[in-house]
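Visitor: Structure, please.
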Amino acid sequence: MSDKNTSEIKFLIELDDNRVPEKLMWSAKDGGVEAQEAKAIMLSIWDSKAKESMRIDLWTKDMPVDEMKIFFHQTLVAMSETFKRATDDEKMADTMKDFCDYFAEKLELTK
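Guide: Residues are numbered from 1 along each chain as shown. Model (predicted):
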């Protein structure tokens, strides 16, 4: 066994007979999360060899549409912040944030 530190994140998905998610649970012991219930998961993985992203997008059949809209908005905002940190491209990050504001306005998420 190597001396390298490792960390593990687990997802448990309970499916109905049609393989539609009924329950999503996730655990990340290093983060103090154990079998936490979720209604949706969006996971992107970069395949460096193929130069493409792979995605897993799951949500439970009882995920409310209004919460899905908020989830998408918050994910887009987080992606703009991550983009800024990863690329230091402030101009494009600001453009992405402008879109997030537009998205929230059109979905009437802002108060």
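Visitor: What residues does the residue positioned nearest the centre of the chain make contact with?
Guide: In the chain, the residue lying closest to the centroid (CA atoms, centre = their mean) is residue 42, at 3.7 Å. Counting by CB atoms under 8 Å, 6 or more residues apart in numbering, residue 42 touches 55, 56, 57, 75. C-beta: built from backbone N, CA, C; applies to glycine.
Visitor: so which pair among those residues is furthest apart in space?
Guide: Spanning the widest gap among the contacts of residue 42 are 56 and 75, at 13.6 Å by CB to CB.
Visitor: what element comes up after the strand or helix carrying residue 58 heading to the C-terminus?
Guide: Counting by DSSP states H and E, the element that carries residue 58 is strand 52-59. Per DSSP H and E, the first helix or strand lying C-terminal to strand 52-59 is helix 65-87.
Visitor: List the buried residues for that following helix?
Guide: Under the neighbour-count criterion of 16 or more other CB atoms under 10 Å, helix 65-87 has 69, 71, 72, 73, 76, 77, 80, 83, 84 buried.
Visitor: what's in contact with it?
Guide: 39-40, 42, 59, 89-90, 92-93, 96-97, 99-100, 103-104, 107, 109.
Visitor: buried residues in stretch 19-30?
Guide: 21, 24, 26.
Visitor: And the pLDDT at residue 110?
Guide: With respect to pLDDT, residue 110 scores 79.
Visitor: Can you pull out the low-pLDDT segments for the protein?
Guide: Scanning the chain for pLDDT under 70 picks out the ranges 1-2, 111.
Visitor: can I see the domain layout of it?
Guide: 1-61, 64-110 (the TED database).
Visitor: Need the distance between the two termini of the last one.
Guide: When the termini of domain 64-110 are compared using CA to CA, to the nearest Å, they are 18 Å apart.
Visitor: quick one: it to chain centroid distance?
Guide: Relative to the mean C-alpha coordinate of its chain, domain 64-110 is positioned 12 Å out (CA atoms, centre = their mean, to the nearest Å).
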